[in-house]
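[1] The amino acid sequence is not available; the structure is as follows:
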């Protein structure tokens, strides 16, 4: 039976309470770690998708902005050539593209917001996952045998580990300086 129905359930759960209520805490924790692992994989895929959507929309808007300049230039050239109808048509096309961009900007904002939200959830899940792995090692006396689901997950995990290590080292150095004062 699954312990969590949503990713936020993983973030807000109390592992201690769940384990205290379990008949077999080690087995329960192994199940929880498995669910967390699956949830983290899904979250990483969501981050990748939402980030990709944002990048795609940025490029699309940029391409349309370039088209605005082209249509404005065509309108100017049509005026110089004395062709007001062609100038009007070019300006209409320019306005259509401006309207399209106005419709895409909120989509871009939503994609960026979704990506940032999913990144925050991913970081929280990674923290809970690390906590669960530590507790599992404490209960079983051996490190858990967890395999990451993809090269992307491995790279993400390595990058997160390196980032956390550098942050921890910087905080440790700051504490040392603070204690020397």
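    Arrived safely. Small disclaimer: the values here were computed from a predicted structure and weren't measured.

[2] contacts and neighbour counts: CA atoms only from here.
    Noted.

[3] so how far is residue 33 from residue 126?
    Plainly put, residue 126 is 11 Å away from residue 33 if you go by Cα to Cα, to the nearest Å.

[4] So between these two, which is more surrounded?
    Between residue 126 and residue 33, counted using other Cα atoms under 10 Å, the more crowded position is residue 33 (22 against 19).

[5] Pretty sure that one sits against residue 129.
    Yes - under the criterion of Cα atoms under 8 Å, residue 33 lies in contact with residue 129, with a separation of 6.8 Å.

[6] need the helices for the chain, in chain order.
    When assigned using DSSP state H, the helices of the chain occupy the ranges 7-12, 15-21, 25-80, 84-140, 151-180.

[7] got CSV for those, with mean pLDDT too?
    Shown next, in CSV, are the helices of the chain (pLDDT from 0 to 100):
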stretch, mean pLDDT
helix 7-12, 74
helix 15-21, 84
helix 25-80, 93
helix 84-140, 93
helix 151-180, 70
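
[8] Name the nearest residue to residue 105, sequence neighbours excluded.
    What sits nearest to residue 105 in space, not counting adjacent residues and going by Cα to Cα, 6 or more residues apart in numbering, is residue 61, at 7.8 Å.

[9] for residue 141, phi and psi?
    Dihedral angles of residue 141 (phi, psi; degrees, to the nearest 10) stand at phi 80, psi 10.

[10] Let me see the confidence value for it.
    At residue 141, the pLDDT value in this model is 85.

[11] Any idea how many residues pack against it?
    Applying other Cα under 10 Å, we find 10 residues neighbouring residue 141.

[12] same question, residue 110
    The local packing of residue 110 (other Cα under 10 Å) involves 15 other residues.

[13] Likewise for residue 87?
    Residue 87 sits with 22 neighbouring residues when counted by other Cα under 10 Å.

[14] Once you drop chain neighbours, what's closest to it?
    Beyond its immediate neighbours in the sequence, the residue positioned closest to residue 87 (Cα to Cα, 6+ apart) is residue 75, lying 4.1 Å away.

[15] was I right about that neighbour contacting residue 93?
    No - Residue 75 is not in contact with residue 93 according to Cα under 8 Å; the separation is 9.8 Å.

[16] Alright, calling it a day.
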